[in-house]
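K.L.:
Sequence and predicted model, in that order:
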Amino acid sequence: MGDILADGYVFVTGGDRGIGRAIVVKFASSNFNVAFSYHRNRSAAEETLKLIEEFGVDGFYIQMDVADAESVKRGFSEVSMRFPYLNVLVNNAGIVFFGTIDETSVEDWRRVINVNLTGVFLTTKFFLPLLRKASWASIVNIASIAGQTGNVVASAVYCASKAGVIGLTRRLAVELAPKIRVNAVAPSFVETDMVREFIDTPEKRRRVIDLHPLRDIAKPEDVAEAVYFLATEKSRFITGQILGINGGRFTC
Ligand SMILES: NC(=O)c1ccc[n+]([C@@H]2O[C@H](COP(=O)([O-])OP(=O)(O)OC[C@H]3O[C@@H](n4cnc5c(N)ncnc54)[C@H](OP(=O)(O)O)[C@@H]3O)[C@@H](O)[C@H]2O)c1
């Protein structure tokens, strides 16, 4: 059972690396007990766990495939055995596909939709009982600017999956109110493995920086700060919102 002196209980999907890791660290360093999932990268999960050890909160990871209902149900059971309830669910796990519609196979389409959109549905659906047990609870989904604009690099399927997450966020905000708030963040480029190939030379990096009026690229910590704000009581009267973390970029 988690440390009852902590401020609450959090679960983050895909918390082993990238944006998810920054979110896990942010909550742990803010005195929340944090469970997170990885999919294939157990060594990254182990590293993340080490990073949060110093904060003295209850932290652990589970293996879970968000696209697989049985795996999500198992994940729910594992988290339920350690945490009495959840205050915060962060649906962060995601994959990307780059390419035109001609280059997108039916299999590519299904894979991206299954992880990015169905994964948010499954995790939310099966983890709701733990959120409903808490005295306050909220869900933050990681959408993308790609779900808001016709994106220059992301594929149609990635854009569609993230637009779907935005629709799901808005509907669930109404459906789960007043007990549970539901918001999303919509980042532009964030420095992670997902977009590494677009920023791995000074020239490519410059091109990405120049897309943003604030002339920079977001760090995972920039997203984590916004997620923390939307998840916690500081934003208690905010629900159904999509917060852009895009350095002022709002075109494709
Ligand atoms: N980076 C960006 O520029 C950017 C911009 C906008 C939105 N986003 C969104 O932000 C979220 C995090 O992205 P990131 O940049 O941090 O990506 P990342 O570094 O590639 O990490 C992806 C995470 O998702 C997990 N994952 C992948 N497939 C999964 C599955 N089937 N089931 C469960 N977990 C799975 C991975 O687990 P393993 O490590 O075990 O594989 C990993 O933890 C994603 O939803 C992404 O679409 C990213």
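P.N.:
Right, received. Where do you want to start?

K.L.:
how about the residues of the protein near the ligand?
P.N.:
Within the chain, the positions adjacent to the ligand are 13-14, 16-20, 37-41, 44, 64-67, 92-95, 115, 142, 144, 187, 189-190, 192-195 by Cβ under 6 Å from any ligand atom. All C-beta atoms are positioned from the backbone trio N, CA, C, and that covers glycine.

K.L.:
Let's see that with 5 Å instead.
P.N.:
Counting by Cβ under 5 Å from any ligand atom, the chain comes close to the ligand at 14, 16-20, 38-41, 65-67, 92-95, 115, 142, 144, 187, 189-190, 192-195.

K.L.:
what about burial for those residues, which qualify?
P.N.:
For the residues of the chain next to the ligand, a burial check counting by 16 or more other Cβ atoms under 10 Å picks out 14, 16-20, 38-39, 65-67, 92-95, 115, 142, 144, 187, 189-190, 192, 194-195.

K.L.:
Among those residues, which ones are in helices?
P.N.:
Cross-referencing those against helices under DSSP state H gives Gly18, Ile19, Gly20.

K.L.:
Could you dump those into a markdown table and include distance to Trp136 and pLDDT?
P.N.:
Formatted as a markdown table, these follow (distance: Cβ to Cβ, whole Å; pLDDT from 0 to 100):
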| residue | distance to Trp136 | pLDDT |
| --- | --- | --- |
| Gly18 | 27 | 98 |
| Ile19 | 24 | 98 |
| Gly20 | 22 | 99 |
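
K.L.:
Which of the residues you listed sits closest to Thr149?
P.N.:
Ile19 (19.3 Å; Cβ to Cβ).

K.L.:
The closest one touches Ile142, doesn't it?
P.N.:
Yes - with contact defined as Cβ atoms under 8 Å, Ile19 reaches Ile142; the gap is 6.5 Å.

K.L.:
Below-threshold pLDDT in the stretch 151-252 of the chain: ranges please.
P.N.:
Along the stretch 151-252 of the chain, segments meeting pLDDT under 70 are nowhere present.

K.L.:
90 - rerun?
P.N.:
Scanning the stretch 151-252 of the chain for pLDDT under 90 picks out the ranges 151-154, 250-252.

K.L.:
any idea where the strands of it begin and end?
P.N.:
180-187, 242-245 (DSSP state E, counting those that start in this stretch).

K.L.:
circling back: between the ones in helices among the buried ones among the residues of the chain next to the ligand, which is closest to the ligand?
P.N.:
Comparing those against the ligand with Cβ to the nearest ligand atom places Gly18 closest, at 2.3 Å.

K.L.:
and the gap between the closest one and Ile139?
P.N.:
Using Cβ to Cβ, to the nearest Å, Gly18 is found at 19 Å from Ile139.
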